[in-house]
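In: sequence and predicted structure below; questions after.
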Amino acid sequence: MASAFDAEFQSVRERFPALQRQGGNGREVIYADAPGGTQVPSSVIDAMIDYLAHHNANIEGEFCASRETDQIIAKSRIAAAAFVGGSDDEIAFGQNMTSLNFNLIRAFGRSMAPGDEIVVTQLDHEANVSPWLLLAQDRDLVVRTIGLTSDLDIDLTQLADVLNSRTRVVAHTLSSNAVGTVPPAGTIADMAHAVGAVAWVDAVAFAPHRRIDVRDLKCDLLLCSPYKFFGPHLGLAWIRRAFAETLQAERVRPASLFPVGHRFETGTLSHEALAGTEAAIEYLASLGEGIDLTGRLDSAFTRIRDHEMALADRFIQGVARIPGIRLLGTPDTQRRVCTFGLMIDGVEPAQAARELNDIAIYSWNGNFYAQGVMESLGIPVEEGILRLGFVHYASESEVDRVVEALDRIAGAQQ
C-alpha cells in the first residue's frame with residue numbers, strides 16, 4: 001500500500017478492536033461510515049475504564065480520587081488545546097457539539113441588538129445553522145444564508161455581497177459532513193473581520209482528517225466532537241480568550257469564571273469521556289514524531305492527510321469509471337476530505353446502504369442534518385444521499401472493495 005503508513009499499517013489497525021469485526025458473509029467489516037463517527041483504539045477504552053474503576057469522583061474535593069479527577073480534567077484541557085492550537089484555559093467541554101453550541105450562541109446573543117445580522121451557509125450541518133435561526137427569532141435579528149457554487153463550496157462572491165457593518169457573526173463549517181468540501185476558512189475569517197464580525201467555525205467533520213490550528217484559521221470560536229476523531233461522545237469548543245471574556249454565559253452563581261472556557265460548562269462533565277478524549281489525542285500524536293504533543297500532532301496529521309488523499313484519489317477515480325454514479329462536489333482532493341456523497345441512478349440511498357451492509361460494508365444514507373446541501377442539490381431532505389467516507393485506518397484494498405460493490409449495485413440497474 002503506497003502511503004505513509006506502509007510499514008506500520010497493520011499494527012495501527014490492530015489497535016482498534018472494532019476493525020476485527022466480521023460481517024455475515026465472513027469478511028471483515030469495512031467501516032466506510034466514518035463521517036458519522038469513528039471507531040476507537042484500545043487505549044481510549046482503557047482510559048475510560050481506568051477512570052471509572054480507580055478515580056471516579058466529583059471535582060474539587062480534599063481527597064485523593066477527587067484530586068485525581070481534577071488532574072484528569074486539567075490534562076484533558078491541555079491535550080484539547082494542543083489539538084486545536086490554542087490555550088488550555090480557552091477550552092470548554094459539553095455533552096455534545098450541538099448542546100455546547102446552543103449555549104455559546106445564547107451567550108453571544110445577549111450582546112446583539114435588533115437588526116444585527118448573522119451569516120450562515122448552505123454547506124453547514126444544522127448544528128451551526130438552526131441555533132442561529134432560533135436566536136434570530138428571539139431577538140429580532142436578520143439571518144443571511146450563503147448559497148453554494150456548482151462544485152458545492154461556499155459562494156464567496158455572495159458572501160462579500162451580504163457582509164456589512166451590521167454583520168456580527170459569520171458561521172461556517174471547515175468541512176461538509178455530507179460531501180466533504182473544505183472551504184477557504186482563512187479567507188472567510190478575513191472577510192468577517194473586515195466588517196467587525198466574528199468567525200464561528202464548526203470543525204466536527206474536519207477534525208479526523210486535517211490538522212486544526214486556530215491561528216492559521218483566524219477564527220474566534222471553534223467546535224468539534226471527539227467521537228469524530230477516535231474518542232468518546234463529547235463536545236469540545238475553543239473560544240478565543242479575549243472574545244470569551246466578553247460573553248455572559250449561562251451558569252449557576254457560585255460557578256467559577258476561570259479558566260475562561262469553564263464558564264460555558266454547565267453541570268458535571270463526563271469525566272470518563274474527558275479521560276478518553278485525552279487518550280484519543282495521545283493516540284493521534286503517537287502516529288507522528290516530535291519533541292512535544294503539538295509537534296507530534298503536526299507530524300501525525302501530515303501523514304494522515306497524505307494517506308487519506310491517496311485513498312480519496314483511488315475512490316474518486318474508481319467511481320468515475322462506473323456509469324450511473326454521480327459524485328457530489330469537487331473531485332479535487334486538495335479541496336475536500338475523504339467524505340463522499342453519491343447518487344446512483346435508479347437506486348434509492350437507503351437501498352444502496354442495505355445492499356452494502358449485506359456484504360459487510362457500513363455506509364450512511366439520509367440528509368445527515370445537512371439540509372442546506374440537500375436543498376442546493378434539489379434533493380428531498382427526507383430521501384437524502386448515499387454517503388461513504390474513510391479515515392486513516394482504512395486501506396486501499398478496502399477502497400477497492402467498496403468501489404467494486406458500488407459497481408455491482410449500479411450495474412444491476414443498467
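Out: Noted; the coordinates are in hand.

In: any low-confidence regions in the stretch 251-400 of the chain?
Out: For the stretch 251-400 of the chain, applying pLDDT under 70 flags the ranges 255, 258.

In: which parts of it are helices?
Out: Here the stretch 251-400 of the chain has its helices, by DSSP state H, counting those that start in this stretch, at 271-285, 293-320, 349-358, 371-377, 396-411.

In: how about the longest one: buried residues?
Out: Within helix 293-320, the residues scored as buried using 16 or more other Cβ atoms under 10 Å are 293, 296-301, 303-305, 307-312, 314-316, 318-319. From N, CA and C alone the C-beta is placed, and that goes for glycine too.

In: helix 396-411 and that one, what's the angle between them?
Out: Helix 293-320 runs at 30 degrees relative to helix 396-411, counting by axes from the mean of the first three to the mean of the last three Cα atoms, to 10 degrees.

In: quick one: helix 293-320 to helix 271-285, angle?
Out: Using the same axes, to 10 degrees: helix 293-320 against helix 271-285 is 80 degrees.

In: so where does the spatially most central residue of the chain fall, helix or strand?
Out: By Cα atoms, centre = their mean, the mean C-alpha position of the chain lies nearest to residue 204, the distance being 1.6 Å. For residue 204, there is no helix or strand it lies in under DSSP states H and E.

In: same question for residue 199.
Out: Per DSSP H and E, residue 199 falls inside strand 198-202.

In: partner strands of that strand, parallel or antiparallel?
Out: Looking at strand 198-202 with DSSP bridges, its partner strands are strand 167-173 (parallel), strand 221-224 (parallel).

In: I'd like to know which elements the helix or strand following that strand is packed against.
Out: Proceeding N to C from strand 198-202, the next assigned helix or strand is helix 214-217, under DSSP H and E. If you count contacts as 3 or more Cβ pairs under 8 Å, 6 or more residues apart in numbering; DSSP states H and E, helix 214-217 packs onto helix 185-194.

In: test my guess that residue 309 contacts residue 332.
Out: No. Applying Cβ atoms under 8 Å, one finds residue 309 not in contact with residue 332, separated by 10.5 Å.

In: name the residues that touch the strand holding residue 199?
Out: 97, 101, 108, 124-125, 127-128, 168-174, 185, 188-189, 192-193, 217-224, 243 (Cβ atoms under 8 Å, 6 or more residues apart in numbering).

In: drop anything exposed from these.
Out: 97, 101, 108, 124-125, 127-128, 168-174, 185, 188-189, 192, 217-224, 243.

In: circling back: can you tell which of the helices of the stretch 251-400 of the chain is closest to residue 249?
Out: The closest of those to residue 249 is helix 271-285. By Cβ to Cβ, the value is 19.3 Å.

In: buried ones in the closest one?
Out: By neighbour count on 16+ other Cβ under 10 Å, the buried set for helix 271-285 is 271-285.

In: just stretch 120-140 next, same as before
Out: The neighbour-count check on stretch 120-140 (16+ other Cβ under 10 Å) flags 120-132, 135-136, 139 as buried.

In: give the contact list for residue 308.
Out: Going by Cβ under 8 Å, 6+ apart, residue 308 touches 209, 337, 338, 390, 391, 392.

In: and the gap between the last one and residue 38?
Out: Computed as Cβ to Cβ, to the nearest Å, the residue 392 to residue 38 distance reads 9 Å.

In: the more surrounded of these two?
Out: Between residue 392 and residue 38, counting by other Cβ atoms under 10 Å, residue 392 is the more crowded of the two (28 against 24).

In: wait, that one touches residue 305, no?
Out: No. Under the contact definition of Cβ under 8 Å, residue 392 does not touch residue 305, with a separation of 9.1 Å.

In: if we can go back for a sec, shared neighbours of residue 392 and residue 38, anything?
Out: With Cβ under 8 Å, 6+ apart as the test, residue 392 and residue 38 both reach residue 208.

In: got phi/psi on residue 181?
Out: Phi and psi for residue 181, reported as degrees, to the nearest 10, are phi -60, psi 140.

In: ok, what's across the strand from it?
Out: Beta-bridge partners of residue 181, counted by DSSP bridges, are residue 336.

In: please apply the same query to residue 144.
Out: On the basis of DSSP bridges, residue 144 is bridged to residue 119.

In: so who does it touch?
Out: Neighbouring residues of residue 144 by Cβ under 8 Å, 6+ apart: 117, 118, 119, 120, 162, 167.

In: helix/strand/coil for residue 79?
Out: Of the three states, residue 79 takes helix according to DSSP: H, G, I helix; E, B strand; the rest coil.

In: how deep is it tucked in, by neighbour count?
Out: Counted with other Cβ under 10 Å, the neighbours of residue 79 add up to 22.

In: was I right about it contacting residue 278?
Out: Yes. Applying Cβ under 8 Å, one finds residue 79 in contact with residue 278, separated by 4.4 Å.

In: now, among the contacts of residue 144, which is nearest to residue 43?
Out: The closest of those, once distances to residue 43 are taken by Cβ to Cβ, is residue 120, at 37.3 Å.

In: report pLDDT for that closest one.
Out: Reading off the confidence values, residue 120 has pLDDT 98.

In: against residue 185, how distant is it?
Out: Residue 120 sits at a distance of 15 Å from residue 185 (criterion: Cβ to Cβ).
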